[in-house]
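Visitor: I'd like to go over a predicted model; first the sequence, then the structure.
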Amino acid sequence: MNNINPDDQARIDAIEKALLARWPENRIAPTLERISALVDMLGSPQLTYPTIHVGGTNGKTTTSRMIDSLLFEMGLRTGRFTSPHLESYLERICINGQPIDAKELIFSFNDISAYLDLMDTKFDNPISFFEAITALAFAAFAEHPIDVGVIEVGMGGEWDATNVVDADVSVIMPIGLDHTEYLGETITEIAATKAGIIKEQGFVVLAQQEPEAAVELLRRAAEVGADVAREGLEYSIDSRAVAVGGQLISVTGLRGHYDEIFLPLHGKHQASNAAAALIAVEAFFGEQDLDIDAVRAGFANVTSPGRCEIIHRDPTIILDAAHNPHGAKAIAETIQSEFTFDDVTGIVALMADKDALGILQALEPVMNQVIVTTNSSPRSMSVVDLEKLASQVFGADRVFAQPSLADAIEKAIKDSIRPLSDESLAILITGSVVTVGEARSAVRKRYAKAPVAEDK
C-alpha cells in the first residue's frame with residue numbers, strides 16, 4: 001500500500017467510517033433499482049469504458065487479478081474492482097494494478113457523496129456499503145480515465161450492484177453452494193442468478209462447472225445470443241507441471257496455443273483460473289492475436305494475496321481465504337500435491353453462516369492438528385461452537401481452542417519450534433477473508449524485526 005500522509009489517512013478513515021455506517025456488505029435487498037438510479041444520476045460512469053465482468057463462486061478475485069495483469073502488460077490502462085478486501089478498502093479499487101491513490105479516492109468520494117445522501121431519501125432502503133463503493137469505483141475509473149474495467153461480482157450476478165455494467169466479456173468461474181440464503185438452496189438456482197451477468201450478444205467464458213450449473217448458464221447464453229467458450233471444449237489446459245514457486249502451464253485458447261507460461265501461484269485450480277483469464281482477454285481483443293511474450297509477462301507478474309500465500313518461512317506460514325467447502329477442498333489438494341510437509345497445524349476461524357462442517361471435513365486430511373479461534377467480525381462463529389464441530393471431524397485430541405486469532409498464531413508458532421526446525425513444518429491459516437486479512441497483519445507485526453523470506 002502506498003505511503004499515505006496523515007491528513008489524507010484521516011480523510012480515508014473518515015470515508016471508510018461513512019461507508020461502513022451504511023447497510024453492511026452481507027445484508028442485501030436483491031434489486032438493481034437503487035444502484036441504477038445512482039449511476040444514472042452520476043452520468044453512467046460505468047459505461048464510459050469497456051468491461052470484463054467476472055462472476056462465479058470461487059476464484060473470482062484471482063481471475064480478475066490475472067485478467068488485469070494481462071491487459072496491463074498489453075499496454076492498456078486498467079481499472080480493477082474486487083471484493084472483499086484483506087487489509088484496506090483501497091485494495092478494492094485498483095488502477096494499473098495498484099490500489100487507488102488516497103488523493104484520487106478522496107476526490108472521487110467528494111464527487112459522489114452528495115448523490116449518495118440524495119439517493120438515501122428516494123428509496124425505502126438506503127444505498128448500501130457495497131452499492132456505494134461500487135459507484136465509487138465506477139466514478140474513479142471514469143475520472144482516471146481507464147481503457148478497460150475488470151469488475152468482480154460481489155454476490156450472485158443478476159441483481160448484484162456491479163451488474164449495471166454492459167460487459168463485453170463475462171466470465172463465470174466454478175459455481176458451488178454459497179450465500180444460499182440469498183441465491184437459492186441448489187446449484188441450479190444459484191447458477192440461474194449468476195447467469196444474470198451474461199449480456200445480450202455478448203461473450204461468456206465458462207470455467208469447469210457442475211452439470212446442473214452448466215445447463216442454466218448455457219440456457220441463458222442461448223436466450224441472449226451470447227457466444228460461449230467452455231473449459232475442456234472451446235479451450236483447454238494442455239499441461240501443468242509443478243515448478244519452483246508455482247507451476248508451468250500450457251493452454252489452447254480460441255486463437256492459438258500458449259505454452260511455457262510460468263504462473264507464480266500454487267494449485268490446479270489456479271491453472272484453471274489462468275486459462276479462464278487468458279480466454280477472457282482473447283475474447284476481449286477479438287480477431288487480434290495476443291503477443292505470447294506479453295501473455296507470459298502478464299502471468300509471471302500475477303500476485304494473489306491470501307490465496308495459498310506463503311508469508312513466512314521457518315515455520316512456513318500459509319494463508320488461504322477458503323470460506324466454503326469447494327475452496328477448502330482446493331487448498332487441501334494443493335497442500336497434498338505440491339508441498340512435502342510432515343506436519344501441518346491448521347488455524348481456522350469461520351463465519352457463523354458458512355458450512356463449517358463441510359469446510360472442516362475438506363481440511364481434515366491435510367491438518368495434523370487444528371486450532372479453532374475467532375476473527376473480529378460480529379459474524380464470526382464462536383470458538384465453543386467451532387470446537388464442537390471440529391472435535392466431531394478431527395477427534396478431540398487433535399483440536400485446540402484459542403480465544404483470539406493472535407493467540408492462535410502465537411500458540412502455533414511456539415508449538416512449531418523444534419530443536420532442528422526445518423521446512424517440513426507448516427501453519428495453514430484459513431476460513432474467511434477476514435481471518436486471512438487479520439492474520440496477515442498479525443504475522444507481519446510479529447516478524448517486523450526480521451525480514452520475511454521470499455516464496456522460493
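Guide: Great, that's in hand.

Visitor: domain parsing for this structure?
Guide: Residue ranges for the domains of the chain, per automatic domain parsing: 6-300, 309-446.

Visitor: got CSV for the ones you listed, with mean neighbour count too?
Guide: From N, CA and C alone the C-beta is placed, and that goes for glycine too. Supplementary listing: the domains of the chain in CSV, determined by neighbours: other C-beta atoms under 10 Å:
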stretch, mean neighbour count
domain 6-300, 20
domain 309-446, 19
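
Visitor: any idea how far residue 438 is from residue 324?
Guide: To residue 324, residue 438 is 19 Å away according to C-beta to C-beta, to the nearest Å.

Visitor: hmm, back to that, using a markdown table, please lay out the domains of the chain together with mean pLDDT.
Guide: Written out in a markdown table, the entries for these read as follows (pLDDT from 0 to 100):
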| stretch | mean pLDDT |
| --- | --- |
| domain 6-300 | 94 |
| domain 309-446 | 94 |
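
Visitor: which residues touch residue 131?
Guide: Residues in contact with residue 131 (C-beta atoms under 8 Å, 6 or more residues apart in numbering) are 34-35, 38, 161.

Visitor: hmm, try it at 10 Å
Guide: With contacts defined as C-beta atoms under 10 Å, 6 or more residues apart in numbering, the neighbours of residue 131 are 22-23, 28-29, 32, 34-35, 38-39, 116, 119, 125, 154, 160-162, 164.

Visitor: Which ones among those map onto helices?
Guide: If you go by DSSP state H, the contacts of residue 131 have 34-35, 38-39, 116, 119 in helices.

Visitor: Give me the most central residue, the chain.
Guide: The centre of the chain sits closest to residue 61, judged by C-alpha atoms, centre = their mean, with a distance of 2.9 Å.

Visitor: any idea how far it is from residue 307?
Guide: Computed as C-beta to C-beta, the residue 61 to residue 307 distance reads 8 Å.

Visitor: Likewise for residue 443?
Guide: 16 Å.

Visitor: Kindly report the same for residue 382.
Guide: Residue 382 sits 27 Å away from residue 307, going by C-beta to C-beta.

Visitor: What residues does residue 368 make contact with?
Guide: In this structure, residue 368 makes contact with 341-346, 394, 398, 425-426, judged by C-beta under 10 Å, 6+ apart.

Visitor: for residue 127, same thing?
Guide: The neighbourhood of residue 127, defined by C-beta under 10 Å, 6+ apart, consists of 19, 22-23, 34-35, 37-38, 115-120, 134-135, 161.

Visitor: what two of those have the greatest distance between them?
Guide: Greatest spacing in these, by C-beta to C-beta: 19 and 37 (18.5 Å).

Visitor: is it true that residue 366 touches residue 338?
Guide: No - checked against C-beta atoms under 10 Å, the pair residue 366 and residue 338 is beyond contact range at 11.4 Å.

Visitor: returning to that earlier point: just curious, which of the contacts of residue 368 is nearest to residue 74?
Guide: Distance to residue 74 across the contacts of residue 368 (C-beta to C-beta) is lowest for residue 426, with 36.7 Å.

Visitor: where along the stretch 351-456 of the chain do the strands fall?
Guide: For the stretch 351-456 of the chain, the strands defined by DSSP state E, counting those that start in this stretch occupy 369-372, 399-401, 425-430.

Visitor: right, and the ones you listed - which one's nearest residue 15?
Guide: Put simply, out of those the one that sits nearest residue 15 is strand 425-430, at 29.3 Å, with distance taken as C-beta to C-beta.

Visitor: and that closest one, what other elements does it pack with?
Guide: Identification of packing neighbours for strand 425-430 by 3 or more C-beta pairs under 10 Å, 6 or more residues apart in numbering; DSSP states H and E yields strand 309-312, strand 316-320, helix 325-338, strand 343-348, helix 356-363, strand 369-372, helix 405-415, helix 433-446.

Visitor: could you say what helices and strands the last one packs with?
Guide: If I follow you right, that is helix 433-446. Judged by 3+ C-beta pairs under 10 Å, 6+ apart, the packing partners of helix 433-446 are strand 309-312, strand 316-320, strand 343-348, helix 405-415, strand 425-430.
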